[in-house]
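S.K.: Need a 3D model of the following:
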Amino acid sequence: MAYGYFSTERRCLSKGPPCAEEGDGRSLRSVNVSLARTVPEKGAVCLELGKELDPENAVVVVAPTGGPIEEPHVFAVDHAEWIPSAPNCAVGQIEIDTYYDESTGSSEELVPTLLPFSFAIY
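M.R.: You can find the predicted model right below:
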């Protein structure tokens, strides 16, 4: 088993001011896993598992920790997802993608960006 928390600077909205910083963008507090790399433009975080964990049989539970952001006429919701195929990571690594939904009332947009999340890997 592995678990941890990825902390990053959050930007509230693409058109708005930055939110309060929650770290330097590459901070991982974890047990039995390490940060391999980030791909900011895709909102991807690659994790390297400890030797006793098999990435082929791993199950990942992940949750965003930023929460919804509200501003006048805009509502954004953070998302964090395990991507089993890990297209942005090296073989044997675990990929977590983060993004937010920005809804302005007339359209919805998925915006890939590095966001904070917590996770457990079994």
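S.K.: how far away is the spatially most central residue of the chain from residue 113?
M.R.: Central residue of the chain (Cα atoms, centre = their mean): residue 98, 3.7 Å from the mean position. Counting by Cβ to Cβ, to the nearest Å, the separation of residue 98 from residue 113 is 7 Å. All C-beta spots, glycine's among them, are computed from the backbone N, C-alpha and C.
S.K.: Look at the nearest residue to residue 60 once chain neighbours are set aside and give its secondary structure.
M.R.: Of all residues not flanking residue 60 in the chain, residue 82 sits nearest, at 3.9 Å (Cβ to Cβ, 6 or more residues apart in numbering). Under DSSP: H, G, I helix; E, B strand; the rest coil, residue 82 falls in the strand class.
S.K.: Isn't residue 82 up against residue 98?
M.R.: No - with contact defined as Cβ atoms under 8 Å, residue 82 does not count as touching residue 98 (10.9 Å).
S.K.: Wait, a helix at residue 41?
M.R.: Yes - applying three-state DSSP, one finds residue 41 inside a helix.
S.K.: So what's the residue count around it?
M.R.: By the criterion of other Cβ atoms under 10 Å, residue 41 has 10 neighbours.
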